[in-house]
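**Student:** Got a sequence here, can you build the structure:
(chains A and B)
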Amino acid sequence: MLLRSLLPAVLAMVHMAGTAFSEDLGDAEAGAKVFAKCKGCHEVGQGATDRIGPHLNGIFGRKAAAHAGYAYSKSMERAGADGLVWTAETLDAYFENPRALVSKTRMSFRGLKSAQDRSNLLAYLRDFSDNPADIPEAEPTALPTDHDIDPAILALEGDPEFGEYLASECLTCHQSDGSAEGIPSITLWPTEDFVIAMYAYKRKLRPHPVMQMMAGRLNDEEIAALAAYFKGLDQ
Amino acid sequence: MTFNRRMFLGTGAAAAAALSAPAVLADGHGKPRVVVIGGGAGGATAARYIAKDSKGEVAVTLIEPSRTYFTCFFSNLYLGGFKEIDDLGHNYGTLAAKYGINVVHDWAVDVDRDAKTVSLAGGGVLPYDKLILSPGIDFVDGAVDGWDLSAQNAMPHAYKGGSQTELLKAQVMAMPEGGTFAMVAPPNPYRCPPGPYERISMIAHQLKANNPTAKIIVADPKPKFSKMALFQEGWADHYDGMIDWIGEDFGGGDVSVDPAAMTVTIDGEETKVDVCNVIPAMKAGRIAEMAGVTDGNWAPVNAADMSSKADADVYVLGDASQQGDMPKSGFSANSQAKVCANAVRGALTGSKVFPAKFSNTCWSLIDTNDGVKVGATYEATDEKIAKVDGFISATGESADLRKATYEESEGWYAGITSDMFS
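**Tutor:** Residues are numbered from 1 along each chain as shown, chains lettered A, B, ... in the order given. Next up, the predicted model:
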């Protein structure tokens, strides 16, 4: 009943969406909670830097793959060259199903099904785009210090040759070109993020049985070697 | 002392001319030679890694009869209607073009380990310094009473990828309404432990949609099988009453077939069937036996580098090898190939050899978006490849997790085929 009575209103909104969508964003406060799903890889806000993914300050209105200094996938670069610009509409489509929009994106995310979540997330990110001067005085939302790993472990210099051998085992599932179809991309990550992720599996904080098992038998030196190898794997 | 490229170049033009080395190098005999027999998950991976990582220092020849290789892994998904046959086909063009691998589409018919040569059906003879055998499986003669290879059109095994898979699917799709599909399951050890049971699931999926009153009978010589609780839970949930699994305890090992009459006799009871998938007991692909590296049905290997226990210059990968605890799977073969490639390259070029690490994961699809998996890691001991740690999907998992597991298996397929062929 409720659905039927709402339907004309919903249709009207959809009809408007083509023109007025960008003015019709959701609740930024709720969007901050949705962003929790993103912050493993992306920072946004004061002092945000590129991590596994690029930082998202100023994303609205920017051409895809246009943020200097970040190594995008070939697929994302192509999308940018073809004219993909991040607007509320294109970001909404990307959040809903990343690979439907950019087929070989390295962003390993299954997508946000809820239109409300997407709209709230758009509102949240918009706050960091409208006017860079208005960026709230706050810590970046994804903190590299969000772990308790011994700094000595993070400081280990990995041996890329050893990493190349060890990585051959990873490449049975994770693709060397960084595409993420059903299995996440692990290329070109900052070494620190790579090491943190592997320790999260090793300690069974991250919940994937294959990765818990694989990481479980890697020692500090091996994890450092893998991080060093995958950081440089660009093809 | 090793004589490497840098030292050679350092000797200067005069010395090089005196040695007449350029003439020798020009026809390729200056490089160490690796011959790989079999272009599947073991052989294609080993050839690719040796050629790629040695950067031209090793001459690699890959012998594989098929120009298009159809993976056996994921062939059940074709039977279930989740993949097209073309999704499973791959060719060797990139291995030749990108890494300079000499891909020879021919049958290897003999190995002379004293002369270190491989003979081809087409008449050629290839010398090797290191030989890698990755021939997959063949079937044990007389394993199923009434069946031999000449009956494979009437009663397909469909346990090698390609035309057999297509034949079995055509037969399933042509079954009369309410007809009977029978499978004779293999005894241990065999290629892809969950394979027969994923196949039963996929055929049940087809029949449920197209022929819902059809029946499936499985005669199994084993008392239990891989992922048994997961499959049985899935069969009860999705295909209730359709599948009759007859294990060892109920005479499932006492089977004979009559391909002309299309009958299957299980524990003395004869049944007329419409399709019969006979998966006989297996052994190493025949070339391993001809090379004299088998002991019984399989080829024993050293766990540290996959070298044959009979010959230090011959390596055996994948299903054909007898290595210890790893299941016979495409994933295992791919994993073993990398350890072997690292060791072979080290022996031939002096590159650093790292300790062996092995792993395997096998995904199975029970019904649409209902994927499960089992996996383990392994290490090399003096005796064998030994299991270190493992996991298996649980019964009663959420639909979301099962869907994610299926999507992960598709990611793995893209990953491993890229690791073999790209």
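**Student:** centroid residue for chain B?
**Tutor:** Against the mean C-alpha coordinate of chain B, by Cα atoms, centre = their mean, the closest residue is B:G330 at 4.7 Å.
**Student:** Settle this for me: it is touching B:Y69, isn't it.
**Tutor:** No - look at B:G330 against B:Y69 with Cβ atoms under 8 Å: they stay out of range, at 11.4 Å. To be clear about C-beta, it is placed using only N, CA and C from the backbone, and glycine gets the same treatment.
**Student:** Which neighbours do these two have in common?
**Tutor:** B:G40 (Cβ atoms under 8 Å, 6 or more residues apart in numbering or on different chains).
**Student:** for the residue nearest to B:L317 when sequence neighbours are not counted, phi and psi?
**Tutor:** Distances taken as Cβ to Cβ, 6 or more residues apart in numbering or on different chains place B:G42 nearest to B:L317, at 3.3 Å, with adjacent residues excluded. Here the main-chain torsion angles of B:G42 (degrees, to the nearest 10) amount to phi -80, psi -60.
**Student:** quick one: B:G42 from chain A, how far?
**Tutor:** As judged by Cβ to the nearest Cβ, to the nearest Å, B:G42 and chain A stand 12 Å apart.
**Student:** That residue: neighbour count?
**Tutor:** 33 (other Cβ atoms under 10 Å in any protein chain shown).
**Student:** Please parse chain A into its domains.
**Tutor:** With domains defined by automatic domain parsing, chain A comprises A:2-141, A:151-231.
**Student:** any idea of the pLDDT on the residue nearest to the centre of chain B?
**Tutor:** Looking at B:G330, its pLDDT is 98.
**Student:** How about the contacts made by the nearest residue to it once chain neighbours are set aside?
**Tutor:** When the adjacent residues along the chain are set aside, B:G330 lies closest to B:A41, with 3.8 Å between them (Cβ to Cβ, 6+ apart). B:A41 makes contact with B:T71, B:F73, B:S134, B:G318, B:G330, B:F331, B:A333, B:N334, B:A337, B:I416, B:M420 under the criterion Cβ under 8 Å, 6+ apart.
**Student:** What pLDDT is listed against the third one?
**Tutor:** Taken from the predicted model, the pLDDT recorded for B:S134 is 98.
**Student:** I'd say it and B:C340 touch.
**Tutor:** No - using Cβ under 8 Å, B:S134 makes no contact with B:C340, being 9.0 Å away.
**Student:** Give the residues shared as contacts by those two.
**Tutor:** In contact with both B:S134 and B:C340: B:A46, B:L317, using Cβ under 8 Å, 6+ apart.
**Student:** between these two, which one's more packed in?
**Tutor:** Ranked by neighbour count (other Cβ under 10 Å), B:S134 and B:C340 place B:S134 first, with 33 against 28.
**Student:** re earlier: will you turn the domains of chain A into JSON lines that also has mean neighbour count, distance to B:W245 and mean pLDDT?
**Tutor:** Converted to JSON lines, those look like this (neighbours: other Cβ atoms under 10 Å in any protein chain shown; distance: least, Cβ to Cβ, whole Å; pLDDT from 0 to 100):
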{"stretch": "domain A:2-141", "mean neighbour count": "16", "distance to B:W245": "35", "mean pLDDT": "78"}
{"stretch": "domain A:151-231", "mean neighbour count": "20", "distance to B:W245": "27", "mean pLDDT": "91"}
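**Student:** Which stretch among those domains approaches chain B most closely?
**Tutor:** Nearest to chain B among the domains of chain A is domain A:151-231; the distance by Cβ to the nearest Cβ comes to 2.8 Å.
**Student:** And chain B, is that closest one touching that?
**Tutor:** Yes - counting by Cβ under 8 Å from any Cβ of the partner chain, chain B has neighbours in domain A:151-231: A:161-162, A:164-166, A:168-169, A:171-177, A:179-183, A:209-210, A:212-214, A:216-217.
**Student:** Whichever residue of the stretch 201-350 of chain B sits closest to chain A is in what secondary structure piece?
**Tutor:** Closest approach between the stretch 201-350 of chain B and chain A, counting by Cβ to the nearest Cβ: B:K338, at 4.2 Å. Per DSSP states H and E: B:K338 is located in helix B:330-349.
**Student:** so where do the strands sit in the stretch 101-250 of chain B?
**Tutor:** Applying DSSP state E, counting those that start in this stretch to the stretch 101-250 of chain B gives strands spanning B:102-104, B:108-112, B:117-120, B:125-127, B:130-133, B:137-139, B:180-184, B:215-219, B:243-246.
**Student:** Can you tell me which of the ones you listed is most buried?
**Tutor:** Here the criterion is mean neighbour count by mean count of other Cβ atoms under 10 Å in any protein chain shown, and of the strands of the stretch 101-250 of chain B the winner is strand B:130-133, at a mean of 28.
**Student:** Show the contacting residues for B:S307.
**Tutor:** Here B:S307 is in contact with B:V301, B:D313, B:V314, B:Y315, B:C340, B:A343 (Cβ under 8 Å, 6+ apart).
**Student:** Relative to chain A, which residue of chain B is the closest?
**Tutor:** For chain B, Cβ to the nearest Cβ, closest residue to chain A: B:G411, 2.8 Å.
**Student:** Tell me the residues of chain B that contact chain A?
**Tutor:** Listed as neighbours of chain A in chain B under the rule Cβ under 8 Å from any Cβ: B:49, B:53, B:331, B:334-335, B:338, B:342, B:352, B:354, B:357, B:359, B:361, B:373, B:375-377, B:388-391, B:404, B:407-412, B:414-416, B:418-419, B:422.
**Student:** switch the cut-off to 6 Å
**Tutor:** Chain B has residues B:334, B:338, B:342, B:354, B:357, B:361, B:375, B:377, B:389, B:391, B:407-408, B:410-412, B:414-416, B:418-419 near chain A, with proximity defined as Cβ under 6 Å from any Cβ of the partner chain.
**Student:** Just the buried residues from those residues, in ChimeraX please.
**Tutor:** Remark: buried members of the residues of chain B next to chain A, expressed as a ChimeraX selection using 16 or more other Cβ atoms under 10 Å in any protein chain shown:
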select /B:334,338,342,354,357,361,375,377,391,407,408,410,411,412,414,415,416,418,419
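**Student:** Burial check on the closest residue to B:I385 other than its chain neighbours, number of neighbours?
**Tutor:** Leaving aside its chain neighbours, B:I385 sits nearest to B:G324 (3.9 Å; criterion: Cβ to Cβ, 6+ apart). B:G324 has 18 neighbours, counted by other Cβ under 10 Å.
**Student:** which SS class is B:G375?
**Tutor:** strand (DSSP: H, G, I helix; E, B strand; the rest coil).
**Student:** same question but for B:W363, I mixed them up
**Tutor:** strand.
**Student:** Repeat that for B:K387.
**Tutor:** Going by three-state DSSP: B:K387 is strand.
**Student:** Let me see the ranges of the helices in the stretch 251-400 of chain B.
**Tutor:** B:286-290, B:330-349, B:399-421 (DSSP state H, counting those that start in this stretch).
**Student:** what about those helices, which gets the closest to B:A108?
**Tutor:** helix B:286-290 (5.3 Å; Cβ to Cβ).
**Student:** related to what we said a few turns ago, can you flag which of the residues of domain A:151-231 next to chain B belong to helices?
**Tutor:** A:161-162, A:164-166, A:168-169, A:209-210, A:212-214, A:216 (DSSP state H).
**Student:** I'd like to know how many residues surround B:R67.
**Tutor:** 12.
**Student:** Name the nearest residue to it, ignoring sequence neighbours.
**Tutor:** The nearest residue in space to B:R67 (Cβ to Cβ, 6+ apart) is B:H105, at 5.5 Å.
**Student:** Could you report the pLDDT at that neighbour?
**Tutor:** 97.
**Student:** Distance check, it against B:G162.
**Tutor:** 14 Å (Cβ to Cβ, to the nearest Å).
**Student:** Of those two, which one has the most company?
**Tutor:** Neighbours per residue, other Cβ under 10 Å: of B:H105 and B:G162, the larger number sits with B:G162, 18 against 14.
**Student:** Excluding covalently adjacent residues, which one is nearest to that one?
**Tutor:** B:F70 is the one closest to B:G162 (Cβ to Cβ, 6+ apart), at 4.0 Å.
**Student:** Could you give the bridge partners of the one you found?
**Tutor:** B:G89 (DSSP bridges).
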